[in-house]
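Enquirer: return atomic coordinates for the entry below.
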Amino acid sequence: GGCAECHPGQYCIGNGIEQACPADTLSTPAATVISDCKCPPGKFGKGGYDCNPCTPGSFCPGGGVKSECQEHATSSASSFSLVACICTPGYKPEGDACLLCAPGFYCPGGKEG
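Expert: I've put the predicted structure just below:
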């Protein structure tokens with residue numbers, strides 16, 4: 001006897017019955033309801049059927065969280081890490097910030113100063 005853990009990509013409703021999580025979601029062995037099926041990196045939402053692609057200008061590290069890029073930076077859709085955020089034209093990277101380009105200099109944006 002004993003209890004078995006739920007398989008990845010499934011949630012267990014009891015009595016050894018497993019249900020498949022919606023496509024593009026992740027689950028832990030302790031998942032018991034559809035909302036335990038979490039959004040993967042690059043998507044955000046409450047989980048279950050509520051996972052949306054991360055929007056440009058933000059990054060989604062997983063677990064349903066969406067974080068905005070730093071000021072004067074943007075990213076492509078479905079980004080999952082802060083490193084995907086790049087400075088917009090007219091700004092140059094300085095550490096994790098994007099600073100206004102100095103007068104007389106050209107700053108195309110991106111990751112390079």
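Enquirer: residue ranges for the strands of the protein, please.
Expert: For the chain, the strands defined by DSSP state E occupy 10-14, 17-20, 43-47, 50-53, 58-62, 65-68, 73-74, 86-87, 91-94, 97-100.
Enquirer: between these, which one is nearest to L26?
Expert: Ranking those by proximity to L26 (C-beta to C-beta) places strand 58-62 first, at 7.6 Å. In short, each C-beta sits where N, CA and C put it, glycine included.
Enquirer: just want the angle from the closest one to strand 43-47.
Expert: Strand 58-62 runs at 50 degrees relative to strand 43-47, counting by axes from the mean of the first three to the mean of the last three C-alpha atoms, to 10 degrees.
Enquirer: which secondary structure elements does strand 58-62 contact?
Expert: Helices and strands touching strand 58-62, by 3 or more C-beta pairs under 8 Å, 6 or more residues apart in numbering; DSSP states H and E, are strand 65-68.
Enquirer: so what are the sheet partners of the strand it packs on and their directions?
Expert: According to DSSP bridges, strand 65-68 forms sheet pairs with strand 58-62 (antiparallel).
Enquirer: hang on, the earlier thing: save the strands of the chain as a markdown table, and put in mean neighbour count, distance to T28 and mean pLDDT too.
Expert: Below are the strands of the chain laid out as a markdown table (neighbours: other C-beta atoms under 10 Å; distance: least, C-beta to C-beta, whole Å; pLDDT from 0 to 100):
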| stretch | mean neighbour count | distance to T28 | mean pLDDT |
| --- | --- | --- | --- |
| strand 10-14 | 17 | 9 | 91 |
| strand 17-20 | 13 | 13 | 93 |
| strand 43-47 | 20 | 11 | 94 |
| strand 50-53 | 16 | 16 | 94 |
| strand 58-62 | 20 | 12 | 95 |
| strand 65-68 | 14 | 16 | 96 |
| strand 73-74 | 20 | 32 | 96 |
| strand 86-87 | 22 | 33 | 96 |
| strand 91-94 | 18 | 36 | 94 |
| strand 97-100 | 16 | 36 | 95 |
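Enquirer: what sits against the residue minimising distance to the centre of the chain?
Expert: With distances taken as C-alpha atoms, centre = their mean, C60 lies nearest the centre of the chain, 1.9 Å away. C60 makes contact with C39, P41, G42, K43, F44, C54, K66, S67, S78, S79, F80 under the criterion C-beta atoms under 8 Å, 6 or more residues apart in numbering.
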